[in-house]
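# Model the following, please.
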Amino acid sequence: MKKIILFLAATLLLSSCNIFHDKNEVLRQPLNQESLEFAYFAWGCFWCMEWIYEWQEGVFDAVSGYIWWKELTANYNLVSTWKTGHREAVKVIYDPEIIDYPRLVELYWTQIDPTDPEWQFADRWFHYTTAIYYANDEEKAIAEASKKALSDSKKFDKPIVTSIIKATPFYDAEEYHQDYAKKQTLKYKTYEKGSGRADFKEDVWSEQAEKLESSTWKTQAELKARLTPLQYKVTQQGWTETPFDNPYWDNKKQWIYVDIIDGTPLYSSLDKYKSWTGWPSFTKPIAINSVWEREDNTLFSKRTEIVWEKSGAHIGHVFTDGPEDKWWLRYCMNSAAMKFISVDDLEEQGYWEYVKTFQ
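Take a look at the predicted model:
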């Protein structure tokens with residue numbers, strides 16, 4: 001009875017829609033593991049570095065760790081007490097046929113204050129200073145040219161002090177530091193905002209970051225051609241699909257849900273639960289970078305809309321009537337905005353890095 005009442009109430013508010021059929025593959029390109037290369041960057045706390053690179057198409061993984069200086073070992077206790085001379089850094093594992101080194105460097109600048117010689121934002125002391133570590137002469141030339149271009153642009157009144165250094169051994173950080181933004185999403189959001197990094201990036205780098213990302217998005221005409229009518233109406237026009245009449249509301253299979261437009265991972269089945277609302281519901285996103293929130297004043301109420309940060313595509317809404325032990329959050333999504341990737345398809349579609357999430 002509860003299911004029927006919810007269905008009738010929702011359909012009174014929503015326009016009628018066609019049943020969603022997943023006929024389109026996402027655009028994410030499979031990676032060639034045999035051609036993967038490594039790039040190393042330091043820009044303060046490594047929690048802030050991983051996810052920036054991990055959502056880039058062509059990046060296989062981003063690993064938190066420690067780099068530089070002469071010590072043969074490094075761990076968090078040693079590095080954070082200045083006993084080794086290492087910096088916190090990230091190792092980016094990427095496919096150069098999909099994303100090249102210059103783009104990685106350009107993206108790097110949009111995440112830091114390159115004029116601070118002592119630390120980054122609230123993160124103090126040497127191990128939080130910035131540096132690009134090159135593996136060969138070509139990478140060195142690219143990094144130096146990029147740094148000079150930034151300096152010549154006069155974007156900053158102060159000198160650009162980020163170091164460009166020959167790469168030295170990289171030590172993976174402890175497991176509890178890996179994928180922190182994914183594991184502790186709410187804590188990470190609070191930290192990034194409180195440290196001053198989030199505001200600095202918005203104030204100083206938002207235009208450049210948007211330009212860097214804009215080349216990946218398809219025009220509306222292209223989207224209309226490759227999406228079903230319902231997928232287009234949901235993602236581009238903010239429609240909500242019919243409850244209990246969509247593919248994923250009661251999907252019990254495991255693995256991940258990705259954005260229908262370009263395959264960005266959005267949610268994990270580990271965080272999915274039966275809310276009996278008629279739409280797939282989750283307690284959190286799979287990664288901090290997957291979604292963004294904005295105010296929605298339609299349907300005679302104030303709600304919090306969930307959109308895909310890079311394109312602004314509508315995905316669903318977040319409410320505060322979820323499980324008590326999960327911060328009361330219910331991410332109520334549209335099946336039409338997502339594609340489900342099962343365990344059998346992860347490797348073929350380039351999502352190897354998410355296998356470990358379920359192990």
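# per-domain residue ranges of this structure.
For the chain, whose domains are defined here by automatic domain parsing, the residue ranges read 33-214, 220-358.
# Would you format these as a markdown table with mean neighbour count included?
All C-beta atoms are positioned from the backbone trio N, CA, C, and that covers glycine. Shown next, in a markdown table, are those (neighbours: other Cβ atoms under 10 Å):
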| stretch | mean neighbour count |
| --- | --- |
| domain 33-214 | 18 |
| domain 220-358 | 18 |
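# Make CSV from those and add mean pLDDT to it.
Putting those into CSV (pLDDT from 0 to 100) gives the following:
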stretch, mean pLDDT
domain 33-214, 83
domain 220-358, 86
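# give the contact list for the residue nearest to residue 329 when sequence neighbours are not counted.
Once flanking residues are discounted, residue 329 sits nearest to residue 322: 4.6 Å by Cβ to Cβ, 6 or more residues apart in numbering. By Cβ atoms under 8 Å, 6 or more residues apart in numbering, residue 322 lies in contact with 273, 275, 281, 283, 328-331.
# Helices of this structure, start to end?
Taking DSSP state H as the test, the helices found in the chain are 2-13, 47-54, 76-80, 101-109, 137-152, 180-183, 185-195, 197-200, 206-214, 220-226, 229-237.
# now the angle from the longest one to helix 101-109?
So the one you mean is helix 137-152. 40 degrees (axes from the mean of the first three to the mean of the last three Cα atoms, to 10 degrees).
# Tell me the spacing between residue 320 and residue 344.
36 Å (Cβ to Cβ, to the nearest Å).
# for residue 192, same thing?
Note on residue 192: its distance to residue 344, by Cβ to Cβ, is 36 Å.
# picking up where we left off before, of the contacts of residue 322, which is the nearest to residue 148?
For the contacts of residue 322, the residue nearest residue 148 by Cβ to Cβ is residue 331; the value is 43.8 Å.
# Report the contact partners of the closest one.
Counted by Cβ under 8 Å, 6+ apart, residue 331 has contacts 267, 281-285, 291, 306, 316-318, 322.
# quick one, what contacts residue 308?
Taking Cβ under 8 Å, 6+ apart as the test, what residue 308 contacts is 235, 259, 261, 264, 266, 290-292, 315.
# switch the cut-off to 6 Å
For residue 308, the contact set (Cβ atoms under 6 Å, 6 or more residues apart in numbering) comprises residue 259.
# Next one: it relative to residue 198, how far apart?
In terms of Cβ to Cβ, residue 308 sits 18 Å off from residue 198.
# Please tell me how far the residue nearest to residue 329 sits from residue 269.
Using Cβ to Cβ, residue 322 is found at 16 Å from residue 269.
# Who is the closest residue to residue 167 other than its chain neighbours paired with across the strands?
Leaving aside its sequence neighbours, residue 167 sits nearest to residue 133 (Cβ to Cβ, 6+ apart; 4.1 Å). Beta-bridge pairing for residue 133 (DSSP bridges): residue 40, residue 165.
# now swap in residue 305 and tell me
Beta-bridge pairing for residue 305 (DSSP bridges): residue 294, residue 317.
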